[in-house]
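Novice: Next comes the sequence, and after it the predicted model I'd like to discuss.
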Amino acid sequence: MSHGKKIIVACMAVLLAFVPLAKVAHADALDALAVAVEGAVGALQEDDQKITDEIIETMTKDPAQKSVLQEHITKTEPVAKKLTEAEGTIFLVSSWLHKVPLSGGMLTTGFLECVEWYWERQFSSEDDPEIVKRYETLRSHFLDAEAEYIGLLADMSDSESKEIGLMKSVNGIQIMSRMGSAESAMKRVRMAAFDENPEEKGKKGASAKEKMQEKPQKGAAADPREKAKQELESLGYSVSGQIKETSYGNSSVGFLARETGTGKLVVCDRKNHRVAVVEPITDFSVLTHKQAGHEVFEARFYVANDARDNDRNAGYWDGATHVFNVYGLFDRDGVGNVVPGKLYTASGRKPSHYHSVLYEQKNVDLMNLVMTEAKSLR
């Protein structure tokens, strides 16, 4: 976070914590802060793009620099995983601190500043090569936006602040756009460093069993729609009628299929041996057209006989069927393929805000499959 913006946020936190403003004045102050921060969003996104292009150009000109970055990315993968696992705890602590009378906002801001400082130093140091520092600048942009977003969620979860939830939701969308921009930029760099595209990466990481499922098997039907039906039924899903369209064969990790009987869209996740019915909330075409920019896709999942695991509070339960919404940010690579970004969920049947993250990787995999397989549905 830039020094100037840190001062603005800290001062605003102090004012809102200690000055007995009227509710209207309180909302106006937050409005002013949201407008001030909004102006920086576009500039930061352009900066992400510029840094990404510079890193890729450096690796193209000097293969040794590519090796340096490959080593750094590989070395920091466990740290990135630990950060993902810690996000839920960070949010809970932030929410608790925000409820402290008078000084809650200031305590939350200070805590998140410390968290951001700590994780930035887990990923990099002053002695790192320049190409690593440039890559970690992108991560710093992401951590900065994520800290602001968690702080905003903590504020919104405070019952005393709910009357200004709409304005904060707008501010939250702006912050999420910054997060998506930085995360997409980092993915572009990683793909360039390892000479991968998203599909090839999925195939390289596929298990032997998944790769075998890709190969034509003796006696199997040639029609991919029939193959999709057979595989869904082998996992215990009862197909209504036939399969009208499918992405079967496009990826080793799973596929989409649409039934003729009910018209339902179904996602099959081979890695986790799961099937879920998908109900798009956002127009499905947002995933299939090639349009530049950071976009959003929202969908509802119905998972029969789901486990009551770490995501049990997402959505609601209809008997043994887990029903939950997922709000997903995504970008596109150079050829128009969807590159999934940050995912969010919420409790209840009709959530108005998405405050929570998905804790179970298998649920992340479901949403990512829907977004990446959509264009191959035919």
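Specialist: Okay, I see it. Numbering: from 1, shown residues only.
Novice: Residue 88: how many residues sit nearby?
Specialist: Look at residue 88: counted by other C-beta atoms under 10 Å, it has 14 neighbours. Glycine gets a C-beta too; all of them are placed from N, C-alpha and C.
Novice: try residue 319
Specialist: In terms of burial, residue 319 registers 7 neighbours under the definition other C-beta under 10 Å.
Novice: How about the contacts made by it?
Specialist: When contacts are counted by C-beta atoms under 8 Å, 6 or more residues apart in numbering, residue 319 touches no other residue.
Novice: Residue 59 now?
Specialist: Taking C-beta under 8 Å, 6+ apart as the criterion, residue 59 is in contact with 65, 66, 69, 131, 192, 193.
Novice: Make sure it is indeed in a strand.
Specialist: No. Assigned with DSSP: H, G, I helix; E, B strand; the rest coil, residue 59 falls outside any strand and is helix.
Novice: about what we covered before: including distance to residue 96, secondary structure and pLDDT, could the contacts of residue 59 go into JSON lines?
Specialist: JSON lines is the format used below for the contacts of residue 59 (distance: C-beta to C-beta, whole Å; DSSP: H, G, I helix; E, B strand; the rest coil; pLDDT from 0 to 100):
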{"residue": "65", "distance to residue 96": "44", "secondary structure": "helix", "pLDDT": "90"}
{"residue": "66", "distance to residue 96": "44", "secondary structure": "helix", "pLDDT": "88"}
{"residue": "69", "distance to residue 96": "38", "secondary structure": "helix", "pLDDT": "92"}
{"residue": "131", "distance to residue 96": "39", "secondary structure": "helix", "pLDDT": "93"}
{"residue": "192", "distance to residue 96": "41", "secondary structure": "helix", "pLDDT": "89"}
{"residue": "193", "distance to residue 96": "39", "secondary structure": "helix", "pLDDT": "88"}
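Novice: wait, which of these is closest to residue 350?
Specialist: residue 192 (41.2 Å; C-beta to C-beta).
Novice: For the closest residue in space to residue 321 that isn't next to it in sequence, the count of nearby residues, please.
Specialist: Sequence neighbours aside, residue 304 is the residue nearest to residue 321 in space, at 5.0 Å (criterion: C-beta to C-beta, 6 or more residues apart in numbering). By the other C-beta under 10 Å criterion, the neighbourhood of residue 304 contains 16 residues.
Novice: Look up how far residue 242 lies from residue 304.
Specialist: Noted for residue 304: a distance of 20 Å to residue 242, by C-beta to C-beta, to the nearest Å.
Novice: what about the strands in the stretch 51-200 of the chain?
Specialist: Using DSSP state E, counting those that start in this stretch, the stretch 51-200 of the chain contains no strands.
Novice: Any idea which helix or strand in the chain has the lowest mean pLDDT?
Specialist: Across the helices and strands of the chain, the lowest-confidence element by mean pLDDT, DSSP states H and E is helix 3-18, at a mean of 43.
Novice: Check whether residue 274 really touches residue 363, as I assumed.
Specialist: No. Under the criterion of C-beta atoms under 8 Å, residue 274 lies out of contact with residue 363, with a separation of 9.2 Å.
Novice: buried ones in stretch 86-100?
Specialist: Neighbour counts using 16 or more other C-beta atoms under 10 Å place 90, 91, 93, 94, 95, 97, 98 of stretch 86-100 among the buried residues.
Novice: ok, now stretch 118-130?
Specialist: Within stretch 118-130, the residues that qualify as buried are 119, 123, 124, counting by 16+ other C-beta under 10 Å.
Novice: what's near enough to touch the second one?
Specialist: When contacts are counted by C-beta under 8 Å, 6+ apart, residue 123 is found next to 76, 79, 80, 136, 139.
Novice: Can you add distance to residue 347 and give these back as CSV?
Specialist: Rendered in CSV, the data for the contacts of residue 123 read as follows (distance: C-beta to C-beta, whole Å):
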residue, distance to residue 347
76, 33
79, 30
80, 27
136, 35
139, 30
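Novice: Please tell me how far residue 95 sits from residue 153.
Specialist: For residue 95, the distance to residue 153 - C-beta to C-beta - is 8 Å.
Novice: what's the answer for residue 147, then?
Specialist: For residue 147 relative to residue 153 (C-beta to C-beta), the value is 11 Å.
Novice: try residue 78
Specialist: Note on residue 78: its distance to residue 153, by C-beta to C-beta, is 26 Å.
Novice: Neighbour count: the two, which is higher?
Specialist: In this comparison of residue 78 against residue 153, neighbours counted by other C-beta under 10 Å, the higher total goes to residue 153 at 22 against 9.
Novice: any idea of the pLDDT on residue 285?
Specialist: pLDDT for residue 285: 87.
Novice: Distance of it relative to residue 370?
Specialist: As defined by C-beta to C-beta, residue 285 lies at a distance of 14 Å from residue 370.
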